[in-house]
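# Okay, here's the prediction I keep looking at, along with the sequence it came from:
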Amino acid sequence: MQNLIKRFAGLGLLLFGILAVFSVYWPGLHGGFFFDDHPNIVLNPGVKLHSLSWESLRLAWSSGISGQFGRPVSQLSFALNHYFNGFSPFAFKLTNLAIHCLNGLLVYLLGYQLLDSLRQRLNLKNVSLWAAVVAIAWMLHPIQLTSVLYVVQRMTSLSAFFLLIALILHISARRGRNQHWVTISRLILAWCVFWPLSVLSKETGVLLPGFVAVYELIIRRSEQGKLDVPGRGVLILAVLLIVSVIPYLVSPFGQWIVSGYEIRSFSLYERLLTEARVIWEYLSWIAFPRLESFGLFHDDIAPSTSLIDPWTTLPSVLGLIALSVWAAMASWRFPLAAFGIAWFLIGHSLESTFIPLELVHEHRNYLPLFGVLLLPVGCLSAQAATPGVRRTVVITLLGVLLAYLGIITAMRVDMFANESMRTQLEAQFHPDSARTNYEAGRTLAAVADGDPGNLIAPILAKKHFEIAAALDRDFKMPLLGTLVLSCGVSQTVDQPVLEELQ
(Lines give C-alpha, C1' and ligand atoms only; values in the text may rest on other atoms or scores of the structure.)
Protein backbone atom coordinates (compact mmCIF):
# COMPACT_ATOMS: atom_id res chain seq x y z
CA MET A 1 0.00 0.00 0.00
CA GLN A 2 2.84 2.36 0.91
CA ASN A 3 4.61 1.68 -2.42
CA LEU A 4 1.36 2.40 -4.27
CA ILE A 5 1.03 5.75 -2.48
CA LYS A 6 4.61 6.64 -3.39
CA ARG A 7 3.96 5.67 -7.01
CA PHE A 8 0.90 7.92 -7.20
CA ALA A 9 2.85 10.72 -5.50
CA GLY A 10 5.38 10.56 -8.33
CA LEU A 11 2.67 10.53 -10.97
CA GLY A 12 0.95 13.47 -9.28
CA LEU A 13 4.19 15.43 -9.29
CA LEU A 14 4.68 14.57 -12.96
CA LEU A 15 1.16 15.77 -13.83
CA PHE A 16 1.83 19.03 -12.00
CA GLY A 17 5.08 19.35 -13.98
CA ILE A 18 3.30 18.82 -17.31
CA LEU A 19 0.76 21.52 -16.40
CA ALA A 20 3.65 23.83 -15.50
CA VAL A 21 5.33 23.13 -18.85
CA PHE A 22 2.10 23.96 -20.70
CA SER A 23 1.75 27.20 -18.72
CA VAL A 24 5.35 28.23 -19.41
CA TYR A 25 5.20 27.50 -23.14
CA TRP A 26 1.67 28.80 -23.84
CA PRO A 27 2.66 32.42 -24.69
CA GLY A 28 5.21 31.17 -27.21
CA LEU A 29 2.57 29.28 -29.19
CA HIS A 30 1.44 32.61 -30.64
CA GLY A 31 4.77 33.17 -32.41
CA GLY A 32 5.22 32.61 -36.13
CA PHE A 33 7.24 30.38 -38.43
CA PHE A 34 10.92 31.21 -38.94
CA PHE A 35 14.14 30.06 -40.63
CA ASP A 36 13.94 26.40 -41.81
CA ASP A 37 10.20 26.27 -41.11
CA HIS A 38 9.63 27.98 -44.45
CA PRO A 39 11.38 25.60 -46.90
CA ASN A 40 10.36 22.47 -45.01
CA ILE A 41 6.75 23.41 -44.23
CA VAL A 42 5.31 26.70 -45.47
CA LEU A 43 6.81 26.60 -48.99
CA ASN A 44 6.65 22.81 -49.36
CA PRO A 45 3.82 21.82 -51.76
CA GLY A 46 3.60 18.32 -50.29
CA VAL A 47 2.61 19.72 -46.88
CA LYS A 48 -0.45 21.46 -48.35
CA LEU A 49 -2.72 18.48 -47.75
CA HIS A 50 -6.33 19.15 -48.83
CA SER A 51 -7.72 15.61 -48.75
CA LEU A 52 -6.94 12.31 -47.07
CA SER A 53 -6.71 10.47 -50.37
CA TRP A 54 -3.97 7.88 -50.85
CA GLU A 55 -2.22 10.04 -53.48
CA SER A 56 -2.24 13.15 -51.26
CA LEU A 57 -0.86 11.20 -48.30
CA ARG A 58 1.80 9.65 -50.53
CA LEU A 59 2.89 13.10 -51.72
CA ALA A 60 3.06 14.33 -48.13
CA TRP A 61 5.04 11.23 -47.13
CA SER A 62 7.62 11.88 -49.87
CA SER A 63 7.76 15.67 -49.57
CA GLY A 64 10.78 15.86 -47.28
CA ILE A 65 13.93 17.73 -48.31
CA SER A 66 15.96 16.97 -45.17
CA GLY A 67 18.13 14.00 -44.32
CA GLN A 68 18.88 10.86 -46.29
CA PHE A 69 15.36 9.42 -46.08
CA GLY A 70 13.33 12.65 -46.33
CA ARG A 71 11.95 12.15 -42.79
CA PRO A 72 8.53 11.09 -44.13
CA VAL A 73 6.81 10.49 -40.77
CA SER A 74 7.57 14.05 -39.69
CA GLN A 75 6.49 15.43 -43.06
CA LEU A 76 3.21 13.53 -42.84
CA SER A 77 2.58 15.04 -39.40
CA PHE A 78 3.14 18.54 -40.83
CA ALA A 79 0.70 17.76 -43.65
CA LEU A 80 -1.96 16.58 -41.20
CA ASN A 81 -1.50 19.79 -39.22
CA HIS A 82 -2.18 21.72 -42.41
CA TYR A 83 -5.18 19.57 -43.29
CA PHE A 84 -6.94 20.34 -40.00
CA ASN A 85 -5.75 23.91 -39.31
CA GLY A 86 -4.08 25.29 -42.42
CA PHE A 87 -0.76 27.08 -41.91
CA SER A 88 -1.63 28.17 -38.38
CA PRO A 89 1.67 28.50 -36.45
CA PHE A 90 -0.31 28.12 -33.21
CA ALA A 91 -1.62 24.68 -34.21
CA PHE A 92 1.80 23.50 -35.37
CA LYS A 93 3.49 24.68 -32.17
CA LEU A 94 0.70 23.26 -29.98
CA THR A 95 1.27 19.87 -31.61
CA ASN A 96 4.99 20.20 -30.87
CA LEU A 97 4.23 21.02 -27.24
CA ALA A 98 1.91 18.02 -26.93
CA ILE A 99 4.65 15.74 -28.33
CA HIS A 100 7.17 17.26 -25.90
CA CYS A 101 4.90 16.57 -22.92
CA LEU A 102 4.25 13.01 -24.12
CA ASN A 103 8.01 12.59 -24.34
CA GLY A 104 8.22 13.87 -20.78
CA LEU A 105 5.87 11.06 -19.74
CA LEU A 106 8.07 8.56 -21.62
CA VAL A 107 11.19 9.97 -19.94
CA TYR A 108 9.43 9.38 -16.61
CA LEU A 109 8.65 5.76 -17.54
CA LEU A 110 12.21 5.18 -18.77
CA GLY A 111 13.68 6.82 -15.70
CA TYR A 112 11.45 4.69 -13.48
CA GLN A 113 12.63 1.49 -15.17
CA LEU A 114 16.30 2.46 -14.87
CA LEU A 115 16.11 3.65 -11.28
CA ASP A 116 13.99 0.67 -10.26
CA SER A 117 16.69 -1.60 -11.69
CA LEU A 118 19.20 0.08 -9.37
CA ARG A 119 16.85 0.51 -6.41
CA GLN A 120 18.91 -1.72 -4.12
CA ARG A 121 22.31 -0.45 -5.31
CA LEU A 122 21.32 3.20 -4.77
CA ASN A 123 19.07 2.56 -1.76
CA LEU A 124 16.29 4.55 -3.43
CA LYS A 125 13.28 4.99 -1.17
CA ASN A 126 10.93 6.52 -3.75
CA VAL A 127 11.79 5.67 -7.35
CA SER A 128 8.64 7.28 -8.76
CA LEU A 129 9.35 10.69 -7.23
CA TRP A 130 12.93 10.76 -8.50
CA ALA A 131 11.82 9.69 -11.97
CA ALA A 132 9.25 12.52 -11.92
CA VAL A 133 11.86 15.09 -10.86
CA VAL A 134 14.16 14.03 -13.73
CA ALA A 135 11.28 14.15 -16.24
CA ILE A 136 10.14 17.61 -15.11
CA ALA A 137 13.68 18.98 -15.27
CA TRP A 138 14.02 17.44 -18.74
CA MET A 139 10.80 19.09 -19.96
CA LEU A 140 11.47 22.48 -18.35
CA HIS A 141 15.12 22.94 -19.26
CA PRO A 142 15.58 26.00 -21.53
CA ILE A 143 17.88 24.10 -23.90
CA GLN A 144 14.78 22.15 -25.02
CA LEU A 145 12.92 25.23 -26.27
CA THR A 146 13.87 25.04 -29.96
CA SER A 147 12.53 21.49 -30.13
CA VAL A 148 9.12 22.90 -29.17
CA LEU A 149 8.74 26.41 -30.62
CA TYR A 150 10.93 25.93 -33.70
CA VAL A 151 8.31 23.97 -35.62
CA VAL A 152 10.59 22.03 -37.98
CA GLN A 153 12.39 20.53 -34.98
CA ARG A 154 9.35 18.32 -34.51
CA MET A 155 11.59 15.99 -36.50
CA THR A 156 13.79 15.75 -33.41
CA SER A 157 11.01 15.35 -30.84
CA LEU A 158 8.97 12.91 -32.96
CA SER A 159 12.01 10.70 -33.56
CA ALA A 160 12.67 10.78 -29.82
CA PHE A 161 9.04 9.85 -29.13
CA PHE A 162 9.26 6.60 -31.11
CA LEU A 163 12.78 5.84 -29.89
CA LEU A 164 11.75 6.19 -26.24
CA ILE A 165 8.78 3.88 -26.77
CA ALA A 166 11.04 1.31 -28.44
CA LEU A 167 13.57 1.49 -25.61
CA ILE A 168 10.91 1.22 -22.89
CA LEU A 169 9.40 -1.81 -24.63
CA HIS A 170 12.82 -3.44 -24.88
CA ILE A 171 13.61 -2.82 -21.21
CA SER A 172 10.19 -3.98 -20.02
CA ALA A 173 10.56 -7.13 -22.12
CA ARG A 174 13.99 -7.82 -20.61
CA ARG A 175 12.92 -7.10 -17.03
CA GLY A 176 9.43 -8.60 -17.13
CA ARG A 177 8.41 -12.02 -15.94
CA ASN A 178 5.59 -12.32 -18.44
CA GLN A 179 4.65 -15.16 -20.70
CA HIS A 180 7.08 -15.85 -23.51
CA TRP A 181 4.76 -14.51 -26.21
CA VAL A 182 4.36 -11.20 -24.35
CA THR A 183 8.12 -10.72 -24.22
CA ILE A 184 8.51 -11.56 -27.91
CA SER A 185 5.64 -9.23 -28.84
CA ARG A 186 7.22 -6.32 -27.01
CA LEU A 187 10.58 -6.90 -28.67
CA ILE A 188 8.97 -7.14 -32.12
CA LEU A 189 7.07 -3.89 -31.53
CA ALA A 190 10.23 -2.18 -30.30
CA TRP A 191 12.56 -3.24 -33.11
CA CYS A 192 10.22 -3.77 -36.06
CA VAL A 193 7.66 -1.00 -35.56
CA PHE A 194 8.81 1.87 -33.36
CA TRP A 195 12.49 1.83 -34.31
CA PRO A 196 11.72 2.27 -38.05
CA LEU A 197 9.21 5.01 -37.20
CA SER A 198 11.92 6.80 -35.23
CA VAL A 199 14.44 6.56 -38.08
CA LEU A 200 11.84 7.75 -40.60
CA SER A 201 11.08 10.76 -38.39
CA LYS A 202 14.76 11.73 -38.23
CA GLU A 203 17.99 9.81 -38.78
CA THR A 204 18.99 10.12 -35.10
CA GLY A 205 16.68 7.15 -34.55
CA VAL A 206 19.52 4.89 -35.71
CA LEU A 207 21.08 5.42 -32.26
CA LEU A 208 18.60 3.05 -30.59
CA PRO A 209 21.03 0.06 -30.67
CA GLY A 210 23.63 2.21 -28.92
CA PHE A 211 21.23 3.21 -26.14
CA VAL A 212 20.11 -0.42 -25.75
CA ALA A 213 23.74 -1.58 -25.66
CA VAL A 214 24.68 0.71 -22.76
CA TYR A 215 21.52 -0.34 -20.94
CA GLU A 216 22.47 -4.00 -21.28
CA LEU A 217 26.13 -3.46 -20.49
CA ILE A 218 25.67 -1.17 -17.50
CA ILE A 219 22.17 -1.18 -16.00
CA ARG A 220 21.07 -4.74 -16.82
CA ARG A 221 24.46 -6.21 -15.90
CA SER A 222 24.39 -4.33 -12.59
CA GLU A 223 20.86 -5.53 -11.85
CA GLN A 224 21.56 -9.19 -12.72
CA GLY A 225 25.17 -9.34 -11.57
CA LYS A 226 26.33 -10.51 -15.00
CA LEU A 227 25.87 -9.98 -18.72
CA ASP A 228 23.43 -12.65 -19.88
CA VAL A 229 23.15 -14.24 -23.32
CA PRO A 230 20.53 -11.81 -24.77
CA GLY A 231 22.64 -8.91 -23.50
CA ARG A 232 25.69 -10.26 -25.32
CA GLY A 233 23.59 -10.63 -28.45
CA VAL A 234 22.53 -6.98 -28.26
CA LEU A 235 26.14 -5.88 -27.81
CA ILE A 236 27.22 -7.93 -30.83
CA LEU A 237 24.38 -6.36 -32.87
CA ALA A 238 25.43 -2.87 -31.79
CA VAL A 239 29.09 -3.54 -32.70
CA LEU A 240 28.08 -4.95 -36.09
CA LEU A 241 25.96 -1.89 -36.82
CA ILE A 242 28.85 0.41 -35.89
CA VAL A 243 31.32 -1.58 -38.00
CA SER A 244 28.88 -1.59 -40.93
CA VAL A 245 29.13 2.21 -41.05
CA ILE A 246 32.73 1.95 -42.32
CA PRO A 247 31.97 0.20 -45.65
CA TYR A 248 29.01 2.56 -46.09
CA LEU A 249 31.28 5.59 -45.71
CA VAL A 250 33.80 4.37 -48.30
CA SER A 251 31.09 3.28 -50.75
CA PRO A 252 29.47 5.58 -53.35
CA PHE A 253 26.42 5.83 -51.05
CA GLY A 254 28.53 7.55 -48.40
CA GLN A 255 30.09 10.11 -50.71
CA TRP A 256 27.46 12.67 -49.71
CA ILE A 257 29.38 13.03 -46.44
CA VAL A 258 32.63 13.95 -48.20
CA SER A 259 30.90 16.22 -50.71
CA GLY A 260 28.97 17.90 -47.91
CA TYR A 261 32.16 19.55 -46.68
CA GLU A 262 32.60 21.31 -50.03
CA ILE A 263 29.94 23.82 -49.01
CA ARG A 264 31.28 24.24 -45.47
CA SER A 265 33.95 26.64 -44.26
CA PHE A 266 35.54 23.83 -42.22
CA SER A 267 36.93 20.39 -42.97
CA LEU A 268 36.00 17.03 -41.44
CA TYR A 269 39.12 17.18 -39.25
CA GLU A 270 38.26 20.70 -38.08
CA ARG A 271 34.68 19.70 -37.35
CA LEU A 272 35.74 16.79 -35.17
CA LEU A 273 38.12 19.03 -33.21
CA THR A 274 35.49 21.74 -32.84
CA GLU A 275 32.78 19.36 -31.67
CA ALA A 276 34.97 18.36 -28.72
CA ARG A 277 34.75 21.98 -27.54
CA VAL A 278 31.07 22.20 -28.44
CA ILE A 279 30.23 19.16 -26.28
CA TRP A 280 31.65 20.96 -23.24
CA GLU A 281 29.72 24.08 -24.23
CA TYR A 282 26.53 22.02 -24.24
CA LEU A 283 27.37 20.66 -20.80
CA SER A 284 27.96 24.16 -19.44
CA TRP A 285 24.61 25.34 -20.85
CA ILE A 286 22.90 22.34 -19.26
CA ALA A 287 24.57 22.65 -15.86
CA PHE A 288 24.53 26.46 -15.66
CA PRO A 289 21.68 27.69 -17.90
CA ARG A 290 21.76 31.44 -18.50
CA LEU A 291 19.42 33.30 -20.83
CA GLU A 292 22.26 34.91 -22.79
CA SER A 293 23.92 31.55 -23.49
CA PHE A 294 21.07 30.33 -25.68
CA GLY A 295 20.12 31.33 -29.19
CA LEU A 296 18.90 30.06 -32.52
CA PHE A 297 22.39 30.42 -34.02
CA HIS A 298 25.81 29.82 -32.47
CA ASP A 299 28.13 30.64 -35.37
CA ASP A 300 30.04 32.87 -32.94
CA ILE A 301 31.79 29.69 -31.80
CA ALA A 302 34.87 29.65 -34.04
CA PRO A 303 36.01 26.32 -35.58
CA SER A 304 39.16 24.68 -34.27
CA THR A 305 41.90 24.62 -36.89
CA SER A 306 44.29 22.46 -34.85
CA LEU A 307 44.67 20.89 -31.44
CA ILE A 308 46.08 24.13 -30.08
CA ASP A 309 44.04 26.70 -32.01
CA PRO A 310 42.14 27.72 -30.00
CA TRP A 311 44.02 26.44 -26.99
CA THR A 312 40.87 24.96 -25.42
CA THR A 313 40.69 22.30 -28.15
CA LEU A 314 43.30 19.94 -26.71
CA PRO A 315 41.91 20.03 -23.13
CA SER A 316 38.43 19.43 -24.58
CA VAL A 317 39.57 16.37 -26.52
CA LEU A 318 41.50 14.97 -23.55
CA GLY A 319 38.54 15.69 -21.27
CA LEU A 320 36.16 13.69 -23.47
CA ILE A 321 38.61 10.79 -23.59
CA ALA A 322 38.98 10.87 -19.80
CA LEU A 323 35.19 11.03 -19.35
CA SER A 324 34.70 8.03 -21.64
CA VAL A 325 37.43 6.00 -19.91
CA TRP A 326 36.00 6.81 -16.47
CA ALA A 327 32.51 5.74 -17.55
CA ALA A 328 33.89 2.44 -18.84
CA MET A 329 35.99 1.80 -15.73
CA ALA A 330 33.33 2.85 -13.22
CA SER A 331 30.34 1.15 -14.84
CA TRP A 332 30.18 -1.52 -12.13
CA ARG A 333 30.79 0.69 -9.10
CA PHE A 334 28.78 3.72 -10.25
CA PRO A 335 26.35 2.30 -12.81
CA LEU A 336 23.91 5.24 -12.93
CA ALA A 337 26.62 7.86 -13.43
CA ALA A 338 28.38 5.70 -16.04
CA PHE A 339 25.10 5.16 -17.86
CA GLY A 340 24.31 8.88 -17.81
CA ILE A 341 27.68 9.76 -19.37
CA ALA A 342 27.41 6.99 -21.97
CA TRP A 343 23.85 8.07 -22.84
CA PHE A 344 24.95 11.68 -23.36
CA LEU A 345 27.91 10.74 -25.55
CA ILE A 346 25.92 8.24 -27.64
CA GLY A 347 23.21 10.88 -28.10
CA HIS A 348 25.82 13.13 -29.72
CA SER A 349 27.63 10.39 -31.66
CA LEU A 350 25.81 11.15 -34.92
CA GLU A 351 25.12 14.89 -35.17
CA SER A 352 28.26 15.94 -33.30
CA THR A 353 30.83 13.85 -35.14
CA PHE A 354 31.53 13.30 -38.87
CA ILE A 355 28.26 14.38 -40.53
CA PRO A 356 28.81 17.71 -42.41
CA LEU A 357 26.18 19.62 -40.44
CA GLU A 358 26.44 23.07 -38.92
CA LEU A 359 28.66 23.04 -35.86
CA VAL A 360 26.22 23.92 -33.08
CA HIS A 361 22.49 23.58 -32.48
CA GLU A 362 20.72 23.31 -29.14
CA HIS A 363 18.13 20.75 -30.27
CA ARG A 364 20.88 18.12 -30.55
CA ASN A 365 20.66 17.84 -26.75
CA TYR A 366 16.99 16.80 -26.78
CA LEU A 367 17.67 13.17 -25.79
CA PRO A 368 21.27 13.52 -24.48
CA LEU A 369 20.00 15.87 -21.74
CA PHE A 370 18.37 12.89 -20.00
CA GLY A 371 21.76 11.31 -19.33
CA VAL A 372 23.14 14.45 -17.69
CA LEU A 373 20.08 14.80 -15.44
CA LEU A 374 20.62 11.26 -14.15
CA LEU A 375 24.13 12.05 -12.87
CA PRO A 376 23.24 13.74 -9.54
CA VAL A 377 20.35 11.40 -8.65
CA GLY A 378 22.48 8.86 -6.79
CA CYS A 379 24.12 11.48 -4.55
CA LEU A 380 20.97 13.52 -3.95
CA SER A 381 18.82 10.47 -3.21
CA ALA A 382 21.32 9.33 -0.58
CA GLN A 383 21.15 12.73 1.11
CA ALA A 384 17.35 12.88 0.85
CA ALA A 385 17.09 9.47 2.49
CA THR A 386 18.57 10.95 5.67
CA PRO A 387 15.83 12.52 7.85
CA GLY A 388 16.38 16.03 9.14
CA VAL A 389 18.32 18.95 7.74
CA ARG A 390 19.87 17.10 4.79
CA ARG A 391 16.51 16.01 3.43
CA THR A 392 15.12 19.53 3.84
CA VAL A 393 18.11 21.02 2.03
CA VAL A 394 17.82 18.56 -0.88
CA ILE A 395 14.07 19.12 -1.30
CA THR A 396 14.53 22.90 -1.14
CA LEU A 397 17.42 22.78 -3.61
CA LEU A 398 15.42 20.70 -6.09
CA GLY A 399 12.43 23.04 -5.83
CA VAL A 400 14.63 26.10 -6.41
CA LEU A 401 16.39 24.48 -9.39
CA LEU A 402 13.14 23.46 -11.07
CA ALA A 403 11.73 26.94 -10.50
CA TYR A 404 14.89 28.48 -11.97
CA LEU A 405 14.65 26.29 -15.08
CA GLY A 406 11.02 27.32 -15.48
CA ILE A 407 11.87 31.03 -15.15
CA ILE A 408 14.69 30.95 -17.74
CA THR A 409 12.52 28.95 -20.13
CA ALA A 410 9.60 31.37 -19.61
CA MET A 411 11.90 34.28 -20.48
CA ARG A 412 13.01 32.51 -23.68
CA VAL A 413 9.40 31.69 -24.52
CA ASP A 414 8.50 35.37 -24.18
CA MET A 415 11.27 36.18 -26.68
CA PHE A 416 10.06 33.58 -29.18
CA ALA A 417 6.51 34.92 -29.01
CA ASN A 418 7.70 38.08 -30.78
CA GLU A 419 10.08 37.75 -33.74
CA SER A 420 11.34 41.34 -33.48
CA MET A 421 12.13 41.05 -29.79
CA ARG A 422 13.77 37.64 -30.21
CA THR A 423 16.11 38.70 -33.01
CA GLN A 424 17.13 41.96 -31.31
CA LEU A 425 17.83 40.32 -27.94
CA GLU A 426 19.73 37.43 -29.52
CA ALA A 427 21.85 39.95 -31.43
CA GLN A 428 22.73 41.51 -28.06
CA PHE A 429 23.51 38.12 -26.53
CA HIS A 430 25.54 36.98 -29.56
CA PRO A 431 27.13 40.12 -31.07
CA ASP A 432 29.79 38.04 -32.87
CA SER A 433 27.26 35.86 -34.68
CA ALA A 434 26.89 36.84 -38.34
CA ARG A 435 23.64 34.92 -38.80
CA THR A 436 22.08 36.36 -35.64
CA ASN A 437 22.92 39.90 -36.77
CA TYR A 438 21.54 39.19 -40.23
CA GLU A 439 18.25 37.92 -38.76
CA ALA A 440 18.04 41.03 -36.57
CA GLY A 441 18.60 43.22 -39.62
CA ARG A 442 16.10 41.29 -41.74
CA THR A 443 13.39 41.66 -39.11
CA LEU A 444 14.01 45.40 -38.78
CA ALA A 445 14.03 45.77 -42.57
CA ALA A 446 10.57 44.16 -42.64
CA VAL A 447 9.42 46.70 -40.02
CA ALA A 448 10.77 49.53 -42.19
CA ASP A 449 9.05 48.08 -45.25
CA GLY A 450 5.71 47.94 -43.45
CA ASP A 451 6.06 51.38 -41.86
CA PRO A 452 7.73 53.88 -44.25
CA GLY A 453 7.51 56.59 -41.57
CA ASN A 454 9.76 54.63 -39.21
CA LEU A 455 13.19 56.31 -39.49
CA ILE A 456 15.00 54.25 -36.86
CA ALA A 457 14.32 50.72 -38.15
CA PRO A 458 16.19 51.08 -41.49
CA ILE A 459 19.22 52.63 -39.80
CA LEU A 460 19.45 49.80 -37.27
CA ALA A 461 18.75 47.19 -39.95
CA LYS A 462 21.63 48.48 -42.10
CA LYS A 463 23.93 48.44 -39.06
CA HIS A 464 23.11 44.80 -38.36
CA PHE A 465 23.68 43.91 -42.03
CA GLU A 466 27.07 45.64 -41.95
CA ILE A 467 28.09 43.78 -38.81
CA ALA A 468 27.00 40.44 -40.29
CA ALA A 469 28.90 41.09 -43.54
CA ALA A 470 32.05 42.06 -41.63
CA LEU A 471 31.88 38.99 -39.39
CA ASP A 472 31.56 36.53 -42.30
CA ARG A 473 33.03 37.66 -45.62
CA ASP A 474 31.49 34.65 -47.38
CA PHE A 475 27.96 35.37 -46.15
CA LYS A 476 26.06 36.94 -49.05
CA MET A 477 22.67 37.48 -47.41
CA PRO A 478 23.64 40.66 -45.47
CA LEU A 479 24.80 42.26 -48.73
CA LEU A 480 21.54 41.31 -50.43
CA GLY A 481 19.64 42.62 -47.42
CA THR A 482 21.46 45.94 -47.63
CA LEU A 483 20.66 46.24 -51.35
CA VAL A 484 16.96 45.51 -50.84
CA LEU A 485 16.86 47.94 -47.91
CA SER A 486 18.49 50.76 -49.89
CA CYS A 487 16.17 50.20 -52.86
CA GLY A 488 13.14 50.33 -50.59
CA VAL A 489 14.13 53.26 -48.38
CA SER A 490 16.13 55.60 -50.62
CA GLN A 491 14.99 54.21 -54.00
CA THR A 492 18.65 53.94 -55.01
CA VAL A 493 21.17 51.13 -55.38
CA ASP A 494 24.02 51.02 -52.86
CA GLN A 495 26.81 50.78 -55.45
CA PRO A 496 29.71 49.77 -53.13
CA VAL A 497 27.64 46.93 -51.70
CA LEU A 498 26.62 45.81 -55.18
CA GLU A 499 30.26 45.74 -56.26
CA GLU A 500 31.29 43.77 -53.20
CA LEU A 501 28.49 41.26 -53.84
CA GLN A 502 29.58 40.89 -57.46
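In hand now; what should we look at? Residues are numbered from 1 along each chain as shown.

# Strands of this protein, start to end?
For the chain, applying DSSP state E gives no strands.

# Relative to Ile236, how far out is the nearest residue to Val24 once chain neighbours are set aside?
Distances taken as C-beta to C-beta, 6 or more residues apart in numbering place Ala410 nearest to Val24, at 4.9 Å, with adjacent residues excluded. Using the backbone N, CA and C atoms, a C-beta is placed for each residue, glycine as well. Distance, Ala410 to Ile236, using C-beta to C-beta, to the nearest Å: 47 Å.

# do the same with Ala137
Distance, Ala137 to Ile236, using C-beta to C-beta: 35 Å.

# neighbours of the residue nearest to Val24, just the number please.
19 (other C-beta atoms under 10 Å).

# what do you get for Lys202?
Applying other C-beta under 10 Å, we find 27 residues neighbouring Lys202.

# ok, it touching Ser157?
No. The pair Lys202 / Ser157 is not scored as a contact, 9.1 Å apart, by C-beta atoms under 8 Å.

# wait, what's in contact with the nearest residue to Ser51 once chain neighbours are set aside?
Among residues not flanking Ser51 along the chain, Tyr83 sits closest, at 7.9 Å (C-beta to C-beta, 6+ apart). Tyr83 makes contact with 49-52, according to C-beta atoms under 8 Å, 6 or more residues apart in numbering.

# Apply the buried test to the residues you listed and list what passes.
Neighbour-count burial (16 or more other C-beta atoms under 10 Å) applied to the contacts of Tyr83 gives Leu49.

# Taking the contacts of Tyr83 together, which two end up most distant?
Greatest spatial distance among those (C-beta to C-beta): His50 and Leu52, at 9.2 Å.

# same for the worst-scoring helix or strand of the chain on mean pLDDT, what does it pack against?
Lowest by mean pLDDT, DSSP states H and E among the helices and strands of the chain is helix 229-250, with a mean of 80. Judged by 3 or more C-beta pairs under 8 Å, 6 or more residues apart in numbering; DSSP states H and E, the packing partners of helix 229-250 are helix 208-214.

# Now tell me what touches the helix it packs on from outside.
Contacts of helix 208-214 with the rest of the structure, by C-beta under 8 Å, 6+ apart, involve 163, 166-167, 170, 195, 198, 234-235, 237-238, 241-242, 339, 342-343, 346, 349.

# on that earlier part again, now the contacts of Tyr83 as TSV including distance to Gly388?
What follows is those, written out as TSV (distance: C-beta to C-beta, whole Å):
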residue	distance to Gly388
Leu49	60
His50	65
Ser51	65
Leu52	61
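
# Between the contacts of Tyr83, which sits nearest Leu318?
Among the contacts of Tyr83, Leu49 lies closest to Leu318 (C-beta to C-beta), at 51.1 Å.

# How about the contacts made by the closest one?
56-57, 60, 79-80, 82-83.

# got TSV for the residues you listed, with pLDDT and distance to Ala461 too?
Shown next, in TSV, are the contacts of Leu49 (pLDDT from 0 to 100; distance: C-beta to C-beta, whole Å):
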residue	pLDDT	distance to Ala461
Ser56	91	41
Leu57	93	42
Ala60	92	37
Ala79	96	35
Leu80	96	37
His82	96	32
Tyr83	95	37
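
# Of all pairs in those, which one spans the longest distance?
The widest separation within these, taken as C-beta to C-beta, falls between Leu57 and His82 and amounts to 12.3 Å.

# Comparing those two, which residue is more hemmed in?
In terms of neighbours (other C-beta under 10 Å), His82 is the more surrounded of Leu57 and His82; the figures are 22 against 17.

# That one contacts Gly46, correct?
No. With contact defined as C-beta under 8 Å, His82 does not reach Gly46; the gap is 9.9 Å.

# What are the buried residues along stretch 344-354?
Those buried within stretch 344-354 under the rule 16+ other C-beta under 10 Å are 344-352, 354.

# let me fix that: stretch 298-314
298-301, 303-304, 313-314.

# Return the member of these nearest to Glu275.
For these, the nearest to Glu275 is Ser304 (8.8 Å; C-beta to C-beta).

# how about the nearest residue to that closest one, chain neighbours excluded?
Using C-beta to C-beta, 6+ apart, the nearest residue to Ser304 is Leu273, at 3.8 Å.

# got a pLDDT number for that neighbour?
As predicted, Leu273 sits at a pLDDT of 97.

# That one reaches Leu307, doesn't it?
Yes. Using C-beta under 8 Å, Leu273 makes contact with Leu307 at a distance of 6.7 Å.

# Now the common contact residues for the two.
313, 317.

# if we can go back for a sec, restricted to helices, list the buried residues of stretch 344-354.
344-347 (DSSP state H).

# Of the residues you listed, just say which sits nearest to Ile184.
Comparing every one of these with Ile184 (C-beta to C-beta), the shortest separation belongs to Ile346, at 26.2 Å.

# For burial, what's the neighbour tally of the nearest residue to the closest one once chain neighbours are set aside?
Leaving aside its chain neighbours, Ile346 sits nearest to Gly210 (4.2 Å; criterion: C-beta to C-beta, 6+ apart). Neighbour count for Gly210, taken as other C-beta under 10 Å: 19.
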